[in-house]
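Enquirer: Here is a sequence with its predicted model. Questions after.
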Amino acid sequence: MTDSLEYIDNYFQGKSLPEEKKLFEQRIAEDPAFAEEVAFYLSAQQIGKEHLAEEKKKRFKELYEQNNLSGANKTPVRKFWPWLAAAAVIAGIVFGLVLFMKPSSPQQLADQYIHQNLQTLHVSMGSGGDKLQTGLQLYNQGELTDALQQFEKIIRSDSVNADAKKYAGIVYLRQQQYDKALEYFQQLEKNTSLYSNPSLFYHALTLMKRNQPGDKQEAKRLLNKVVQENLDEKESARQWLNKL
């Protein structure tokens, strides 16, 4: 029972791996009993929405255990089944379900983005050439320290190399060295010659991940600028602003 609760909670908190998400959605479509548990989870979260996050989780555990141990009538929950089954087939509805469990903190939103988008990096060949590719290969292999050394070696020999600065900033973000990540992203913000420049968005992402006093407000200001000026990652910025 506890394992099932944690499994469902991980999905709606954005902690599941892509393959785990796929299996979760498939299970909704194939297992009505599991679909009822998911529906009850969503319903219980709505009941407890006025409480703090930890209080909500504690309250839901109590409701979940009562619902399963007492054999309570689950008929009201069954009305969610067609909707949940459809969610397993139609990806848009699945994402709609996530709206019931909006991430509760900027840090959680940042973690989800990093997990989904910054585990591996891709590049179009530009200045930096093979050295940049070597750094990316190291990054994608999980050798973050070696990758950072490679990117900063490029920067020392080519101080205007935007790709190397962007990737160095991302490595520092992954290593939780936020001040150094911000230094690189802020340098890139000043470069108005770039065709694609997500540095303002990454600046906001770093502040959200750091989550110190004042960071949320500044991140929102930057995200608003991303949206208003139609900059890279505008859609992600718009979605975050609706959740912050």
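Expert: Everything's here; your move. Numbering: from 1, shown residues only.

Enquirer: what's the burial count for Asp130?
Expert: 8 (other Cβ atoms under 10 Å). Where C-beta positions appear, they are placed from N, C-alpha and C, glycine not excepted.

Enquirer: Need the contact partners of the host helix or strand of it.
Expert: Element membership of Asp130, judged by DSSP states H and E, is helix 129-140. Contacts to helix 129-140, defined as Cβ atoms under 8 Å, 6 or more residues apart in numbering, come from residues 120-123, 125-126, 144, 146-147, 150-151, 153-154, 163-164, 167, 171.

Enquirer: Can you flag the buried ones in those?
Expert: Buried subset of the contacts of helix 129-140 (neighbour count, 16 or more other Cβ atoms under 10 Å): Leu121, Asp146, Ala147, Gln150, Phe151, Ile154, Asp163, Ala164, Tyr167, Val171.

Enquirer: separation between the closest residue to the fourth one other than its chain neighbours and Ala219?
Expert: Excluding its sequence neighbours, the residue lying closest to Gln150 (Cβ to Cβ, 6 or more residues apart in numbering) is Gly135, at 3.5 Å. Separation of Gly135 from Ala219 (Cβ to Cβ, to the nearest Å): 27 Å.

Enquirer: again with Lys15
Expert: Distance, Lys15 to Ala219, by Cβ to Cβ: 21 Å.

Enquirer: and if you look at Pro198?
Expert: Separation of Pro198 from Ala219 (Cβ to Cβ): 14 Å.

Enquirer: the more surrounded of those two?
Expert: Counted by other Cβ under 10 Å, Pro198 and Ala219 do not tie: Ala219 has more neighbours, with 27 against 19.

Enquirer: and whichever strand or helix holds that one, average pLDDT?
Expert: Here Ala219, judged by DSSP H and E, is contained in helix 215-228. Taken as a whole, helix 215-228 has a mean pLDDT of 96.
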